[in-house]
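S.K.: Sequence first, predicted coordinates after that:
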Amino acid sequence: MNADGRTRLNQTPEWTALAKHREELGEVRLRELFAAEPGRGTAYALRVGDLYVDYSKHLVTDDTLRLLRELAAATDVFGLRDAMFRGEKINTTEDRPVLHTALRAPRDAVIEVDGENVVPGVHAVLDRMAGFADRVRSGAWTGHTGKRIRNVVNIGIGGSDLGPAMAYEVLRAYTDRSMTFRFVSNVDGADLHEAVRDLDPAETLFIVASKTFTTIETVTNATSARGWLLDALDGGTSRSSEVGSGGEAAVAKHFVALSTNAEKVADFGIDVDNMFEFWDWVGGRYSYDSAIGLSLMIAIGPDRFREMLDGFRIVDEHFRTAPAESNVPLLLGLLGIWYGNFHDAQSHAVLPYSHYLSKFTAYLQQLDMESNGKYVGRDGREVEWQTGPVVWGTPGTNGQHAYYQLIHQGTKLIPADFIGFARPVAELSEELKAQHDLLMANFFAQTQALAFGKTPQEVRAEGVPDELVPHKTFQGNHPTTTILAPELTPSVLGQLVALYEHKVFVQGAVWNIDSFDQWGVELGKVLAKRVEPALTEGAEVEGLDASTEALVATYRELRGRQ
Ligand SMILES: O=P(O)(O)OC[C@H]1O[C@H](O)[C@H](O)[C@@H](O)[C@@H]1O
């Protein structure tokens, strides 16, 4: 029994029943499941919004799904879901509500935090963002020298980078092609250097995105960006943005901030009039539909941004109201639990068949791994079951010519999501649009090959010599989910992201972990601060281990510092 009155997950009868079921099912074969149920291809498929989700190629029967749903019921996934939507403080280690769903709530919704309706505030910021985005897009907002803004550089890291950078890439076809958008995150000076080296400072707007505004990488890059700007616009006379220094006016025209921390924004020298606010009940990795999405909104325009929010909302409503049997985020979360907890799968691949989704998996890595990479439960005790998987993947068909070998014939079980679209984006030439069928033929072929493989008999029948038969045999039985949408639109992107957000939620709820904190990132930050003076000034740092001490000495030597 847990301190919170819950039975330990792995001691619940529902968990035990699943473990027993897994044993009884043994090496269930997808070929056999499909042979036994001719309608499986359509019976094991659901729709949410524009998304068609086929889960037939999973190592599950109706019994498996029922038992998984019983586990979800026993762990009260829907109870926690309702508490989240109501604005209760379900992020217990930080004592905060988890309300990214309020970011896409309609204007007339009422969601209260500590007795105050947060929805009007959400829309007030969205409206301010829209006004600003329109002014930048139309040229009404000009830089310090009167030139219109043609370049937007977002400086942020983690949740303040991955979301907007991913969504900008996904929605490229909807962006203003006359403008340049760049995303700087790495504290490696090369990142900022490459982002601005060909830009005219007079035409460049920096968006400094940081929930806390204390993140060292972001503050360092923003300081360097301010230096770069003021060197050019002030002729190097002033690098200061202090009132009366002359730099202040230039900074006001070229820097805006996205943050929850007005004080730190002001300390940095950005006028809080140029700050777009969000709230501590929005986790960084759940934030790109808040003010953190400003760069995206400038790129695609406020109307498209709102269409994206509508897409999020479709899946929010579905997750909130659909019964367990047809609740897609619940289903996807439970399937992950089936493989991670009952088949020892360590990873989960996300393989989009769209060039525009090139950064989608990187985005999901933070969403999933920072949320559910925990070994301590909500009750403060170590879990005795596997939690979040390693999430990885790149767009098909590139992966097919690189690492799919291991998925097909390696020794590991790697469940995968295949994401594809029926129509190519409208702006492609007719010739390039025609390539789409080839792309999607690969998509369908891969999930088919992964599921059903090729038997030794089939290989032999092709006249393959005996000694090569084992090498050319595909055991199949590699589970995949197929997510198919008509077209890559802002709404569909919102639907996809919300689907994964809620999938991650479901898994965290079952595993009884707090999916909304990230204490695991803190230690490295503290140690970096301690080590830095050793690198720069050769300062003695107490308590360094022998390995790090030797590495620091070697680094200083190679760096030419003695
Ligand atoms: O937005 P910021 O406060 O600058 O935080 C940026 C990122 O850094 C932190 O270390 C966290 O691990 C992330 O969850 C966060 O998204």
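M.R.: Arrived safely, thanks for sending.
S.K.: quick one: low-confidence parts of this protein?
M.R.: Scanning the chain for pLDDT under 70 picks out 1-5, 234-246.
S.K.: can you list the residues of it near the ligand?
M.R.: Contact residues (Cβ under 6 Å from any ligand atom) of the chain with the ligand: 157-160, 210-212, 215, 218, 284-285, 370, 518, 521. (Each C-beta comes from the backbone N, C-alpha and C, glycine too.)
S.K.: Kindly indicate the member of those with the most neighbours.
M.R.: Using other Cβ atoms under 10 Å as the neighbour criterion, residue 160 leads the residues of the chain next to the ligand with 30 neighbours.
S.K.: Contact partners for the closest residue in space to it that isn't next to it in sequence?
M.R.: Once flanking residues are discounted, residue 160 sits nearest to residue 209: 3.9 Å by Cβ to Cβ, 6 or more residues apart in numbering. Residue 209 is in contact with 154-156, 160-161, 164, 218, 257-259, 292, 294-295, counting by Cβ atoms under 8 Å, 6 or more residues apart in numbering.
S.K.: For the ligand, what's its nearest residue on the stretch 1-150 of the chain.
M.R.: In the stretch 1-150 of the chain, no residue comes nearer to the ligand than residue 94, which is 11.5 Å away by Cβ to the nearest ligand atom.
S.K.: And for the nearest residue to that residue once chain neighbours are set aside, the neighbour number?
M.R.: Sequence neighbours aside, residue 517 is the residue nearest to residue 94 in space, at 5.3 Å (criterion: Cβ to Cβ, 6+ apart). Using other Cβ under 10 Å, the number of residues around residue 517 comes to 17.
S.K.: State the phi and psi torsions of residue 517.
M.R.: The phi/psi pair for residue 517 (degrees, to the nearest 10) reads phi -110, psi 180.
S.K.: Wait, it touches residue 89, no?
M.R.: No: in this structure residue 517 lies outside contact range of residue 89 using Cβ atoms under 8 Å: 12.0 Å.
S.K.: what residues are up against residue 538?
M.R.: Residues in contact with residue 538 (Cβ under 8 Å, 6+ apart) are 556, 561, 562.
S.K.: How about residue 221, nearest residue that isn't a chain neighbour?
M.R.: Closest residue to residue 221 apart from its sequence neighbours, by Cβ to Cβ, 6+ apart: residue 155 at 4.9 Å.
S.K.: where exactly do the strands run in this structure?
M.R.: 45-48, 51-54, 112-113, 116-117, 151-155, 180-184, 204-209, 255-259, 275-277, 347-352, 390-392, 416-421, 480-485 (DSSP state E).
S.K.: Show residues contacting the last one.
M.R.: Going back to what we said before, that points to strand 480-485. Outside strand 480-485, the residues that touch it by Cβ under 8 Å, 6+ apart are 50-55, 57-58, 332, 335, 415-422, 447, 450-451, 492, 495-496, 499.
S.K.: Report the buried members of those residues.
M.R.: Neighbour-count burial (16 or more other Cβ atoms under 10 Å) is assigned, among these, to 50-51, 53-55, 57-58, 332, 335, 415-421, 447, 450-451, 492, 495-496, 499.
S.K.: and of the strands of the chain, who's closest to residue 30?
M.R.: Nearest of these to residue 30, taken as Cβ to Cβ: strand 480-485 at 9.9 Å.
S.K.: strands paired with that closest one, and their directions?
M.R.: strand 51-54 (antiparallel), strand 416-421 (parallel) (DSSP bridges).
S.K.: Extract the CA atoms of it and return them as CSV.
M.R.: Only the C-alpha atoms of strand 480-485 are listed here, as CSV (Å, rounded to 0.1, in the frame of the first residue of the first chain):
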residue,chain,number,x,y,z
THR,A,480,3.3,-0.3,-35.1
THR,A,481,0.6,2.3,-34.8
THR,A,482,-0.3,4.1,-38.0
ILE,A,483,-1.6,7.7,-37.7
LEU,A,484,-2.9,9.0,-41.0
ALA,A,485,-4.3,12.5,-41.6
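S.K.: what sits against residue 355?
M.R.: Taking Cβ under 8 Å, 6+ apart, we find residue 355 in contact with residue 395.
S.K.: before we move on, the earlier item: in the sheet, who's paired with the residue nearest to residue 221?
M.R.: residue 184, residue 208.
S.K.: ok, it - contacts?
M.R.: Contacts of residue 155 (Cβ under 8 Å, 6+ apart): 184, 185, 192, 206, 207, 208, 209, 218, 221, 222, 225.
S.K.: Try it again at 6 Å.
M.R.: 184, 208, 218, 221, 222 (Cβ atoms under 6 Å, 6 or more residues apart in numbering).
S.K.: Same question for residue 252.
M.R.: Residue 252 makes contacts with residue 271, as judged by Cβ under 6 Å, 6+ apart.
S.K.: let's see 8 Å
M.R.: Counted by Cβ under 8 Å, 6+ apart, residue 252 has contacts 271, 274.
S.K.: One more: residue 167?
M.R.: The contact partners of residue 167, taken as Cβ under 8 Å, 6+ apart, are 288, 293, 296, 308, 493.
S.K.: gap between it and residue 208?
M.R.: Distance, residue 167 to residue 208, by Cβ to Cβ, to the nearest Å: 18 Å.
S.K.: Equivalent analysis for residue 112, please.
M.R.: Look at residue 112 and residue 208: by Cβ to Cβ, they are 31 Å apart.
S.K.: quick one, which of the two is more surrounded?
M.R.: Using other Cβ under 10 Å, the more surrounded residue of residue 112 and residue 208 is residue 208, with 28 against 13.
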